[in-house]
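>>> here is a sequence with its predicted model. Questions after.
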Amino acid sequence: AGEQILSAKLVAPGESSNNSLAYAIKPGMRAITVAVDERTGLAGMLKPQDHVDIISEFESAAAVFYTTPIVENITILAVDSVTSKTGKALGKDGSAAPYTTLTLQVTPQEAMKLSMTEAKGHLRALLRSPLDSAPTNLPSITLDSIMVK
């Protein structure tokens, strides 16, 4: 009470603030954080506001190995706790620190798919060009389908 309203304390819809990522999430969407490493997270080159597809590798009960698309054209909201497209987390020596998580903006259904996939398979992020938003409609592939016979 009695505090002045300053423009620096206001957040526009679709933008995050230092205090809350919630304002960056579009209505009807959710934020989910998934684990990545150097190999599955594009060797540290992903940034907030990049768009990615997520694929997963599984082994079925019949010992069939396959890869399938999980979600497409998903916006990265944060890389670890960094939400600014220009911001980078720095290591103790001042170099860019490797990240271990991506926070993604998804539908509730996509959040359930990612959660199940992360528990049962191996996720991998695929960076999209900012000029490409078309769906790929790729089918799942099996190891047998790519082996030369």
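Arrived safely. Numbers count the residues shown, from 1 in each chain.
>>> buried residues in the longest strand along the chain?
Counting by DSSP state E, the longest strand found in the chain is strand 65-79. Neighbour counts over strand 65-79 (16 or more other C-beta atoms under 10 Å) mark 66, 67, 69, 70, 71, 72, 74, 75, 76, 77, 78, 79 as buried. For the C-beta atoms, the positions are set from N, CA and C on the backbone; glycine is no exception.
>>> just give me how far that strand sits from the chain centre.
7 Å (C-alpha atoms, centre = their mean, to the nearest Å).
>>> show me what that strand is packed against.
Where contact means 3 or more C-beta pairs under 8 Å, 6 or more residues apart in numbering; DSSP states H and E, strand 65-79 is packed against strand 51-59, strand 101-106, helix 108-120, strand 141-142.
>>> give me every residue that touches residue 110.
Counting by C-beta atoms under 8 Å, 6 or more residues apart in numbering, residue 110 makes contact with 70, 71, 74.
>>> any regions of the chain where pLDDT drops low?
1, 7-19, 87-96, 148-149 (pLDDT under 70).
>>> geometrically speaking, which residue is the centre of it?
residue 104 (4.0 Å; C-alpha atoms, centre = their mean).
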